[in-house]
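Participant: coords please:
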Amino acid sequence: QVQLVESGGGLVQAGGSLRLSCASSGRATSSYDMGWFRQAPGKDREFVAAILWSGDSTSYADSVKGRFTISRDRAKNTASLQMSSLKPEDTAVYYCAAGGVGGLWMDEKKYLYWGQGTRVTVSS
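Facilitator: Have a look, this model is predicted:
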(Lines give C-alpha, C1' and ligand atoms only; values in the text may rest on other atoms or scores of the structure.)
Protein backbone atom coordinates (compact mmCIF):
# COMPACT_ATOMS: atom_id res chain seq x y z
CA GLN A 1 0.00 0.00 0.00
CA VAL A 2 1.14 3.53 -0.78
CA GLN A 3 0.15 6.71 0.98
CA LEU A 4 0.67 10.03 -0.78
CA VAL A 5 0.66 13.42 0.92
CA GLU A 6 0.76 16.68 -1.01
CA SER A 7 2.04 19.97 0.38
CA GLY A 8 2.99 23.41 -0.81
CA GLY A 9 -0.37 24.78 -1.85
CA GLY A 10 -1.53 28.25 -0.91
CA LEU A 11 -2.56 31.66 -2.12
CA VAL A 12 -0.43 33.41 -4.72
CA GLN A 13 -0.87 36.37 -7.03
CA ALA A 14 -1.07 35.94 -10.75
CA GLY A 15 2.39 35.68 -12.23
CA GLY A 16 3.78 34.13 -9.10
CA SER A 17 5.21 30.70 -8.40
CA LEU A 18 4.56 27.76 -6.13
CA ARG A 19 6.21 24.42 -5.66
CA LEU A 20 4.07 21.45 -4.77
CA SER A 21 5.55 18.38 -3.20
CA CYS A 22 4.27 14.84 -2.91
CA ALA A 23 5.72 12.56 -0.26
CA SER A 24 5.02 8.88 -0.28
CA SER A 25 5.11 6.38 2.54
CA GLY A 26 4.48 2.71 2.79
CA ARG A 27 5.56 0.88 -0.29
CA ALA A 28 8.24 2.69 -2.30
CA THR A 29 7.04 4.59 -5.35
CA SER A 30 10.36 4.47 -7.19
CA SER A 31 8.93 1.97 -9.68
CA TYR A 32 5.69 3.89 -10.27
CA ASP A 33 4.91 6.57 -12.79
CA MET A 34 3.86 9.72 -10.95
CA GLY A 35 1.24 12.19 -12.02
CA TRP A 36 -0.33 15.46 -10.98
CA PHE A 37 -3.98 16.22 -11.58
CA ARG A 38 -6.14 19.15 -10.57
CA GLN A 39 -9.78 19.88 -9.99
CA ALA A 40 -11.11 23.40 -10.25
CA PRO A 41 -14.38 24.38 -8.57
CA GLY A 42 -17.33 23.00 -10.49
CA LYS A 43 -15.14 21.13 -12.97
CA ASP A 44 -13.93 17.59 -13.50
CA ARG A 45 -10.49 16.57 -12.40
CA GLU A 46 -7.95 16.99 -15.20
CA PHE A 47 -4.45 15.85 -16.01
CA VAL A 48 -1.63 18.31 -15.37
CA ALA A 49 1.68 16.48 -15.69
CA ALA A 50 3.31 13.08 -15.35
CA ILE A 51 6.78 11.62 -15.08
CA LEU A 52 8.04 8.18 -15.95
CA TRP A 53 9.13 5.89 -13.13
CA SER A 54 12.75 6.38 -14.20
CA GLY A 55 12.43 10.14 -14.49
CA ASP A 56 13.54 9.99 -18.11
CA SER A 57 10.35 11.23 -19.68
CA THR A 58 7.63 13.72 -18.82
CA SER A 59 4.28 14.81 -20.19
CA TYR A 60 2.27 18.00 -19.69
CA ALA A 61 -1.17 19.28 -20.42
CA ASP A 62 -1.11 21.97 -23.08
CA SER A 63 -2.48 24.49 -20.60
CA VAL A 64 0.60 24.25 -18.37
CA LYS A 65 3.33 23.43 -20.85
CA GLY A 66 6.24 25.83 -20.50
CA ARG A 67 5.06 27.04 -17.09
CA PHE A 68 5.05 23.90 -14.94
CA THR A 69 7.84 21.39 -14.38
CA ILE A 70 7.42 17.96 -12.86
CA SER A 71 10.32 16.19 -11.21
CA ARG A 72 10.97 13.34 -8.83
CA ASP A 73 13.55 12.04 -6.43
CA ARG A 74 13.35 8.27 -6.55
CA ALA A 75 15.68 7.81 -3.60
CA LYS A 76 13.46 9.97 -1.39
CA ASN A 77 10.17 8.74 -2.90
CA THR A 78 9.04 12.26 -3.62
CA ALA A 79 7.63 14.09 -6.60
CA SER A 80 7.34 17.80 -7.17
CA LEU A 81 5.51 20.21 -9.39
CA GLN A 82 7.16 23.59 -9.90
CA MET A 83 4.54 26.06 -11.06
CA SER A 84 5.50 29.42 -12.53
CA SER A 85 3.67 32.26 -14.25
CA LEU A 86 0.54 31.20 -12.46
CA LYS A 87 -2.82 32.32 -13.76
CA PRO A 88 -6.19 32.59 -12.02
CA GLU A 89 -7.36 29.63 -14.11
CA ASP A 90 -4.74 27.48 -12.37
CA THR A 91 -6.81 27.75 -9.19
CA ALA A 92 -7.71 24.21 -8.16
CA VAL A 93 -7.06 21.40 -5.75
CA TYR A 94 -3.95 19.59 -6.95
CA TYR A 95 -3.62 15.86 -6.51
CA CYS A 96 -0.57 13.64 -6.66
CA ALA A 97 -1.02 10.11 -7.99
CA ALA A 98 1.10 6.99 -8.43
CA GLY A 99 0.47 4.38 -11.07
CA GLY A 100 2.01 1.28 -12.55
CA VAL A 101 4.02 1.34 -15.73
CA GLY A 102 1.91 1.40 -18.86
CA GLY A 103 -1.34 3.03 -19.79
CA LEU A 104 -2.03 6.59 -20.79
CA TRP A 105 -0.49 9.14 -18.45
CA MET A 106 -3.50 11.40 -18.67
CA ASP A 107 -5.93 8.58 -17.83
CA GLU A 108 -6.96 8.61 -14.20
CA LYS A 109 -7.57 4.87 -14.33
CA LYS A 110 -3.86 4.30 -14.71
CA TYR A 111 -3.19 5.57 -11.21
CA LEU A 112 -3.58 3.24 -8.27
CA TYR A 113 -2.91 5.63 -5.42
CA TRP A 114 -4.01 9.21 -4.80
CA GLY A 115 -3.25 11.87 -2.26
CA GLN A 116 -5.85 14.02 -0.54
CA GLY A 117 -4.92 17.11 -2.50
CA THR A 118 -3.53 20.55 -1.78
CA ARG A 119 -5.36 23.74 -2.66
CA VAL A 120 -3.84 26.37 -4.91
CA THR A 121 -5.52 29.74 -5.28
CA VAL A 122 -4.25 32.29 -7.76
CA SER A 123 -5.59 35.80 -7.35
CA SER A 124 -5.81 38.26 -10.21
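Participant: count of residues packed around S17?
Facilitator: Close neighbours of S17, defined as other CB atoms under 10 Å, add up to 11. Bear in mind the C-beta positions are built from the backbone N, C-alpha and C, glycine included.
Participant: distance check, the residue nearest to it when sequence neighbours are not counted against G66.
Facilitator: Spatial nearest neighbour of S17, excluding adjacent residues (CB to CB, 6 or more residues apart in numbering): S84 at 4.6 Å. Counting by CB to CB, to the nearest Å, the separation of S84 from G66 is 9 Å.
Participant: G16 now?
Facilitator: 16 Å.
Participant: quick one: secondary structure of Q116?
Facilitator: Following DSSP: H, G, I helix; E, B strand; the rest coil, Q116 is assigned to coil.
Participant: got the phi and psi for the residue nearest the centre of the chain?
Facilitator: The centre of the chain sits closest to W36, judged by CA atoms, centre = their mean, with a distance of 2.2 Å. Per-residue torsions, W36: phi -120, psi 130 (degrees, to the nearest 10).
Participant: tell me, how many residues neighbour the nearest residue to it once chain neighbours are set aside?
Facilitator: Once flanking residues are discounted, W36 sits nearest to V48: 4.3 Å by CB to CB, 6+ apart. By other CB under 10 Å, 24 other residues sit near V48.
Participant: who's in contact with V48?
Facilitator: Residues counted as contacts of V48 (CB atoms under 8 Å, 6 or more residues apart in numbering) are 35-38, 60-61, 64, 68, 81, 94.
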